[in-house]
Structures are given as structure tokens and as C-alpha cells.
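A.B. asks: need a structure here:
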Amino acid sequence: MTALNADDVVLFQGDSITDAARDRDRTKANDPEGLGLGYVRMVSARLLTDLPGIRMFNRGVSGDRIEHLRARWRADALELKPSVLSLMIGVNDTWHGLSPDNNEVPTPYDVFEETYRLILDQLREAVPELRLLLAEPFVLPCGAGQDLPMRSNLDPRREIVHKLATEYDATLIHYQDVFDEALERAEATYWAEDGVHPSLAGHRLMADAWLAAAAEL
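C.D. replies: As a prediction, the model looks like this:
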């Protein structure tokens, strides 16, 4: 089922999709309230059942772009010294820059890649045997994903994540493909009403894809 071990420390990092309403005051490993209500909690429940002793952390923060991740990287990644990092970031680097409600611009692609590479290098220096699961950002054709040109701006970020996964010998999670295939079974709003934040069913899709990818670590 998975190549993970009972002595692994698994860290999930990202934005609101990973955060999923977690209680940020509950910071100990395996705390249900600290793991959020989404795919991280679902994955953790499975792994904690199969691998007693494994330690699971969620440090996703709603609204984060890559620059915010870099700013909190020491406290929320380096100091935890995970043996496995699961990272999904990028949708806000697109969304916040396209929304008329924000006085922002999309993160330039070169800055996105440079910063992404920097935080990976920092963590790998701290944990040389680090194993990586890099998840591509995704958007569905509804809500913001329909009202704004998000897919065309997000696809180059997906390509950057693909390139980095190859360079860093990471396992890539193809979340856009997962949701694109799910559209054959139900309309987009069933999986993520606003095009970005998954429904309960959407989070289950993510959890299943994550566990399948973890078997390749």
C-alpha cells in the first residue's frame, strides 16, 4: 500500500486545500484537530492505522503563495525535520493575481520556480535523506476556475512542478489529471464548488491519489 515506514515523520505543506480548517494551535503530531478536515486527515487516518508510530503533521496555511511558504519555512518545515515532505502550492500564486478583489499580480513563473527550488534545497540540506511528494496545483472549470483565466495561468506552474519533481527525484502527484478524469463521472461543482477548494468527495480523490503516489517513494 505504501513505501512509508512506522518511524517516518510526514509533513504536509501548502495552502488552504491542505490547511482544510485545521486548528493551528494544535501542533503535536497526529492530533486530529491539527490535521484539518480534508485529504491530510484522510491520509493520516489510513497511515496511522497501518503504521503505528508514524508521525503526521499538517502545516498548510490558507491563502499562502510560494513567498509566504518561504517566509515560514524554518518554523514550519526545517525545525520539524520530516523524513517525507508532501508539498502542494501554486493556485494562489495564480488566483490572487487574477481576482479583481485583490490588488495583486500573479507570481512570475521564474520567481515561483526559484523560490520553490530554494525551499526544497533548504530542507534537503537539513534532511539529506528527505523523500519528496510534489503535488501539482489544480483548478476545475467552475466558480473562479470558470470566471477567471486560471487554467492558462496555472498550467505553466504545473509544468514547473513536473520539472522539479524530475530534478529532485520526487514522486509527482497528478492532481489535475485526477480531477479532469473525475469530470467524466460528475460535474465540476460536485468535486469543488468554487473550482479550487475540494468537496468531501474531492478530498477523498486527493487522499486516494496521495496514497497511490506514496507507494512509489
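A.B. asks: which other residues reach whichever strand or helix holds residue 134?
C.D. replies: Following DSSP states H and E, one finds residue 134 within strand 131-135. Strand 131-135 has contacts (C-beta atoms under 8 Å, 6 or more residues apart in numbering) with 14, 83-88, 120, 161, 164-165, 168-173, 175, 210, 213-214, 217. From N, CA and C alone the C-beta is placed, and that goes for glycine too.
A.B. asks: Please spell out the ChimeraX selection for the buried subset of those.
C.D. replies: ChimeraX command restricting the contacts of strand 131-135 to the buried ones, with burial defined by 16 or more other C-beta atoms under 10 Å:
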select :14,83,84,85,86,87,88,120,161,164,165,170,171,172,173,175,210,213,214,217
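A.B. asks: one step back: in the helix or strand following the strand holding residue 134, what's buried?
C.D. replies: As assigned by DSSP H and E, the chain's next helix or strand after strand 131-135 is helix 144-147. Counting neighbours by 16+ other C-beta under 10 Å, one finds that the buried residues in helix 144-147 are 144, 145.
A.B. asks: Can I get helix 144-147 as CSV, trimmed to CA atoms?
C.D. replies: The C-alpha coordinates for helix 144-147 follow below in CSV (Å, rounded to 0.1, in the frame of the first residue of the first chain):
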residue,chain,number,x,y,z
ALA,A,144,-13.3,31.0,-10.0
GLY,A,145,-11.9,28.4,-12.4
GLN,A,146,-14.7,29.4,-14.9
ASP,A,147,-14.9,33.1,-14.2
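A.B. asks: now the next helix or strand along the chain from that helix against strand 131-135, angle please.
C.D. replies: Going down the chain from helix 144-147, the next helix or strand is helix 150-167, by DSSP H and E. Calculated by axes from the mean of the first three to the mean of the last three C-alpha atoms, to 10 degrees, helix 150-167 forms an angle of 160 degrees with strand 131-135.
A.B. asks: ok, residue 21 - contacts?
C.D. replies: 36, 37, 38.
A.B. asks: Wait, a helix at it?
C.D. replies: No - looking at residue 21 with DSSP: H, G, I helix; E, B strand; the rest coil, it is coil, so not inside a helix.
A.B. asks: List only buried entries from the contacts of residue 21.
C.D. replies: 36, 38.
A.B. asks: quick one: which of the contacts of residue 21 is nearest residue 26?
C.D. replies: residue 36 (10.0 Å; C-beta to C-beta).
A.B. asks: Would you confirm that that closest one contacts residue 59?
C.D. replies: No - counting by C-beta atoms under 8 Å, residue 59 is not a contact partner of residue 36; they are 10.3 Å apart.
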